[in-house]
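In: Fold the following and give me the result.
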Amino acid sequence: MRRRRAHTTALAALGACAAALAAAATSASAQAPAARDVTVFTFQGRGWGHGVGMSQYGARGQALAGRGAGAILRHYYRGVTLRTAPTRRVKVLLAQGERSVAVSSPRPWRAIGAGRVVRLPAGATVTVRAAGGGRVAVRGGRPRAAVLAGTVRLVPARRGSVAWGERAPRSDQRYRGELRAVPSGGGLDLVNAVGLEDYLKGVVPREMPAPWGDDAPAALRVQAIAARSYALATMKPTAVYDLFDDDRSQTYGGIASEDRRSTRAVASTRNTVLTYGGKVITAYFFSTSGGRTENVENVFAGSPPRPYLVSVPDPYDRGSPYHASWPDPPSFTAAGLGRILGLGGPAATVDVLSRGVSPRARQVRITARSGRSVVVSGIELRSTLGLRDTWFRVIERAMPPAAAERLVGSS
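Out: Have a look, this model is predicted:
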């Protein structure tokens with residue numbers, strides 16, 4: 001009996017203790033405010049790119065369906081004519097403001113400046129450096145050092161190549177044609193002067209996957225013609241360089257980028273360009289249309305309407321993973337969005353004010369909780385937020401703080 005009473009007493013004590021703890025926890029819970037949910041803006045969209053001109057996935061889809069290059073191009077660029085353009089060179093900017101670069105060539109080559117020629121043996125690596133006063137120093141050849149005036153041309157033997165790097169030239173920085181070291185602001189700009197067809201060999205596989213040529217070779221031919229037209233339409237003949245080597249013009253990687261399938265597409269369309277009204281067109285292209293392309297004036301601010309760059313239906317790019325929707329739509333907290341856009345506080349609303357034909361967003365107004373607002377173009381917002389396209393809608397929702405911490409722009 002004594003043992004049982006002791007056990008009962010202990011249980012009673014434990015029960016009282018548990019009750020006290022529960023009461024304390026309930027009291028503390030009542031006193032601590034619940035963490036508020038965070039406002040989140042999710043951009044649900046489709047497509048990838050600016051949406052003007054030719055959808056590359058769409059071109060592939062049409063090629064797989066058996067359509068030829070001419071028919072594909074006329075679908076995306078309305079009213080165009082395919083013509084032959086004269087052979088010419090282009091000047092591509094590879095680097096700006098370099099103090100010094102190392103240059104080499106596997107074959108005998110020359111450094112030429114202001115009428116002076118320095119002959120260099122096969123495999124020689126020289127250092128090209130800004131020497132002040134519009135001069136360029138070339139060190140490491142024979143003679144061991146030479147100072148040349150003005151732009152220096154680094155010219156390989158016929159059908160050779162030139163490589164460059166900050167120290168030792170790299171195999172992935174080899175280029176056809178010649179390099180030009182141009183004195184500029186105390187440094188050097190490096191320019192590749194190369195035949196247009198050789199330039200395209202290093203562009204097409206960077207802009208469209210070369211393996212597409214295995215089952216859809218017409219797609220690569222279409223890309224070659226569009227890239228050739230774009231290059232000629234946007235050249236700056238009186239400038240030091242005509243084109244950038246990145247997406248400010250077209251992505252260009254020189255010899256390291258070349259692929260036999262893309263090279264075949266360039267060769268089979270040699271000198272072929274797209275024209276409208278007798279002029280080569282600015283043949284914009286991009287990855288995925290999401291089902292419809294857009295008028296150029298609805299995307300690029302200040303661009304006039306162009307009859308060959310109008311919205312067209314594009315069911316052909318269904319092969320793209322971004323055709324119907326973005327699989328991972330980006331979300332931003334109200335605070336993060338306000339900070340990124342410089343609102344001085346959390347965003348309260350995001351309103352699409354106008355849309356194009358597709359319907360991509362043309363103008364968007366973002367308003368802060370303070371009442372301050374900004375109106376930006378769709379393409380500006382796309383760039384600022386890193387969106388894939390301007391074809392989107394914005395969903396506002398509440399989210400627990402712990403989950404919101406993992407979002408883009410949360411901190």
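
In: How far off centre is stretch 377-388?
Out: Centroid separation between stretch 377-388 and its chain, computed with Cα atoms, centre = their mean, to the nearest Å, is 12 Å.

In: tell me the mean pLDDT for it?
Out: Summarised as a single mean, pLDDT over stretch 377-388 is 97.

In: Same check on stretch 309-320?
Out: For stretch 309-320, mean pLDDT is 97.

In: got the contact list for the most centrally placed residue in the chain?
Out: Central residue of the chain (Cα atoms, centre = their mean): residue 247, 5.3 Å from the mean position. By Cβ atoms under 8 Å, 6 or more residues apart in numbering, residue 247 lies in contact with nothing. Placement of C-beta: from N, CA and C, glycine included.

In: for it, helix, strand, or coil?
Out: coil (DSSP: H, G, I helix; E, B strand; the rest coil).

In: Give me the distance between it and residue 203.
Out: 11 Å (Cβ to Cβ, to the nearest Å).

In: Show the low-confidence segments of the stretch 101-250 of the chain, by residue range.
Out: 141-143 (pLDDT under 70).

In: tell me the helices in it, going along the chain?
Out: 196-207, 212-215, 217-233 (DSSP state H, counting those that start in this stretch).

In: What helices and strands are in contact with the second one?
Out: So the one you mean is helix 212-215. helix 56-64, helix 217-233, helix 260-268 (3 or more Cβ pairs under 8 Å, 6 or more residues apart in numbering; DSSP states H and E).

In: Could you dump those into TSV with mean neighbour count and distance to residue 119 added?
Out: Formatted as TSV, the helices and strands packed on helix 212-215 follow (neighbours: other Cβ atoms under 10 Å; distance: least, Cβ to Cβ, whole Å):
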stretch	mean neighbour count	distance to residue 119
helix 56-64	25	45
helix 217-233	26	33
helix 260-268	19	31
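
In: so which of these comes closest to residue 294?
Out: Ranking the helices and strands packed on helix 212-215 by proximity to residue 294 (Cβ to Cβ) places helix 56-64 first, at 13.1 Å.

In: contacts for that closest one?
Out: Outside helix 56-64, the residues that reach it (Cβ under 8 Å, 6+ apart) are 71-72, 75-76, 207-208, 212, 215-219, 222-223, 285-289, 314-320, 323.

In: okay, the angle between it and helix 217-233?
Out: With axes from the mean of the first three to the mean of the last three Cα atoms, to 10 degrees defining the directions, helix 56-64 sits at 130 degrees from helix 217-233.

In: Next, the buried residues of the next helix or strand after helix 56-64.
Out: For helix 56-64, the following helix or strand on the C-terminal side (DSSP states H and E) is helix 69-76. Within helix 69-76, the residues scored as buried using 16 or more other Cβ atoms under 10 Å are 69, 72, 73, 74, 75, 76.

In: Quick check: the fourth one vs residue 54, distance?
Out: The one in question is residue 74. 11 Å.

In: likewise the third one?
Out: The gap separating residue 73 from residue 54 is 7 Å, by Cβ to Cβ.

In: Now the common contact residues for these two.
Out: Between them, residue 73 and residue 54 share the contacting residues 222, 226, judged by Cβ under 8 Å, 6+ apart.

In: Buried residues of stretch 355-368, list them for me.
Out: 355, 356, 358, 359, 360, 361, 362, 364, 366, 367, 368.

In: Can you name the residues that contact residue 131?
Out: Neighbours of residue 131 in contact, by Cβ under 8 Å, 6+ apart: 137, 147.

In: Over to residue 148?
Out: Taking Cβ under 8 Å, 6+ apart, one finds 111, 112, 113, 114, 116, 118, 135, 136, 137, 138 in contact with residue 148.

In: With residue 102 instead?
Out: 125, 126, 127, 128, 164, 165, 166, 167, 168, 169.

In: before we move on, what about residue 168?
Out: 102, 125.

In: cool, and residue 128?
Out: Residue 128 neighbours (Cβ under 8 Å, 6+ apart): 100, 101, 102, 103, 111, 136, 137, 138, 152, 154, 181, 188.

In: change it to 10 Å
Out: Residue 128 makes contacts with 98, 100-103, 111, 136-140, 148, 152, 154, 164, 179, 181, 188, 190, as judged by Cβ atoms under 10 Å, 6 or more residues apart in numbering.

In: Thank you, goodbye.
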